[in-house]
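Participant: The following block contains a protein sequence and its predicted model.
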Amino acid sequence: MKLSKQFPLNALRVFETAARLGSFTKAGDELGMTQTAVSYQIKLLEENVGEPLFLRRPRQIVLTETGERLAPKVTEAFAMLHDAMATARDSVEGTLAISSTHTFASKWLAPRLGSFHLKHPAIAVRFQATADIIDFTREQIDVGIRWGDGNWPGLVLHRLMGLEFTPMLSPKLAESAGGIKEPRDLLKFDLFDAGDIWWKQWFEAAGVTETDLDRRPRNQLGSQAVEADAAMAGHGVAILNPAFYAGEIALGRLYQPFELTRSDGKAYWLVYPENRRNVPKIKAFRNWILEEMKAAGH
């Protein structure tokens, strides 16, 4: 089939960016082009289509009906091209890039990766440990492990596990204060992080309504894993998930003074772009981690 007009791929890329950002200026910034160059590419595309795609208003551009119909299809087309190229570069024998919180990566995922490698020896794994929500369109990440309420439009979501939390400290630190007899005794020590909503929720559940949490300095260490290390070193009390630290409790490195635990309703989720759900290495990892979660009773 012979096309009557040259396929304006570059102009379509400019159009997709401008439609997504709602601005010629922002599109130029993202693409490294001047606003004039962006306007020129949009004009070429409008001439190719035969209709305006944007309404130009003072300090604002708005998609026309034709533009609104075209924009999602162009976005989908570029996503498919991106997926095709990614699949060509990284087949199932390639590397699976995983973005995960530091705590989940160190306390749950890393100890179990041997099982994944036994099932899929040809797939290498690369971790990016971060609490940031990564943008799959901008970073070379295949799947993410996120903590939250599961509200991430445009992504495939699989709930992995919820968490309970409770205070923990080193046995020696507890002994230094004559033991921990009631929840209020925990206020004798530094808390990691005193501004964390988990502390407020746990103390309220324990019947301690008057605390000095709001007046305490916020010792923000970045993750449960680092806070647990600080607690084991005797520097204060961390609020942690007992399931993640069962081994440290059993070895006497951490002490859980109260059975009371709380949950904020959030969970860990496996996420990845909808257009990549059938990439073999992603399917392999998805099936493996969901089987592991099911076996563990989550």
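Facilitator: Sure thing, it's come through.

Participant: how far out from the middle of the chain is stretch 148-164?
Facilitator: Relative to its chain's centre, stretch 148-164 lies at 9 Å (Cα atoms, centre = their mean, to the nearest Å).

Participant: buried set for it?
Facilitator: L155, V156, L160, L163 (16 or more other Cβ atoms under 10 Å). Every residue, glycine included, has its C-beta placed from N, CA and C.

Participant: Among the residues you listed, name the ones in helices.
Facilitator: Applying DSSP state H to these, no entry is found in helices.

Participant: any idea which of those is the one closest to E65?
Facilitator: The nearest member of those to E65, counting by Cβ to Cβ, is L155 at 28.4 Å.

Participant: so the closest one makes contact with P273?
Facilitator: Yes - assessed by Cβ atoms under 8 Å, L155 is found in contact with P273 at 6.2 Å.

Participant: Next, show the common contact partners of the two.
Facilitator: Contact criterion Cβ atoms under 8 Å, 6 or more residues apart in numbering; residues shared by L155 and P273: F136.

Participant: on that earlier part again, quick check, nearest of the buried residues of stretch 148-164 to F104?
Facilitator: Of the buried residues of stretch 148-164, the one sitting nearest to F104 (Cβ to Cβ) turns out to be L160, at 8.5 Å.

Participant: Let me see the contact set for the closest one.
Facilitator: Contacts of L160 (Cβ under 8 Å, 6+ apart): I145, A267, Y268, W269, L270, I289, L290, M293, H298.

Participant: Contact partners for W199?
Facilitator: Neighbour list for W199: L191, D193, T211, L213, I239 [criterion: Cβ under 8 Å, 6+ apart].

Participant: where's it relative to R216, distance?
Facilitator: Per Cβ to Cβ, to the nearest Å, W199 is found 9 Å from R216.

Participant: Quickly list what's touching both of those two.
Facilitator: What both W199 and R216 touch, as defined by Cβ under 8 Å, 6+ apart, is the set L191.

Participant: Show me the strands in the stretch 151-298 of the chain, by range?
Facilitator: With DSSP state E, counting those that start in this stretch, the ranges of strands along the stretch 151-298 of the chain come out as 155-162, 166-168, 191-192, 237-240, 267-273.

Participant: What of the stretch 1-150 of the chain?
Facilitator: With DSSP E, counting those that start in this stretch, the ranges of strands along the stretch 1-150 of the chain come out as 54-57, 60-63, 95-100, 124-129, 143-148.

Participant: G207: which of those strands is closest?
Facilitator: Of all the strands of the stretch 1-150 of the chain, strand 143-148 sits nearest to G207, with 27.8 Å by Cβ to Cβ.

Participant: And the helices in this protein?
Facilitator: In the chain, the helices defined using DSSP H lie at 9-21, 24-31, 35-49, 65-89, 102-104, 110-119, 171-176, 197-205, 224-232, 246-250, 280-295.

Participant: where does the stretch 51-200 of the chain dip in pLDDT?
Facilitator: The stretch 51-200 of the chain contains residues with pLDDT under 70 at 88-93.

Participant: I'd guessed P257 sits against P167; true?
Facilitator: Yes - under the criterion of Cβ under 8 Å, P257 is in contact with P167, at a separation of 6.8 Å.

Participant: Buried residues in stretch 117-136, which are they?
Facilitator: Buried, per 16+ other Cβ under 10 Å, within stretch 117-136: H120, I123, V125, F127, A129, T130, I134, F136.

Participant: ok, now which ones touch the third one?
Facilitator: The contact partners of V125, taken as Cβ under 8 Å, 6+ apart, are T95, L96, I98, L113, F116, H117.

Participant: Could you chop the protein up by domain?
Facilitator: Here the domain parsing of the chain from the TED database is 9-89, 93-297.

Participant: roughly how far is the last one from the heart of the chain?
Facilitator: It refers to domain 93-297. Using Cα atoms, centre = their mean, the offset of domain 93-297 from its chain centre is 12 Å.

Participant: one step back: can you pull the residues that touch both of P257 and P167?
Facilitator: In contact with both P257 and P167: L186, using Cβ under 8 Å, 6+ apart.

Participant: Looking at these two, which is more packed in?
Facilitator: Shown here are P257 and P167; by other Cβ atoms under 10 Å, P167 has more neighbours (26 against 19).

Participant: Kind regards, and thank you for your time.
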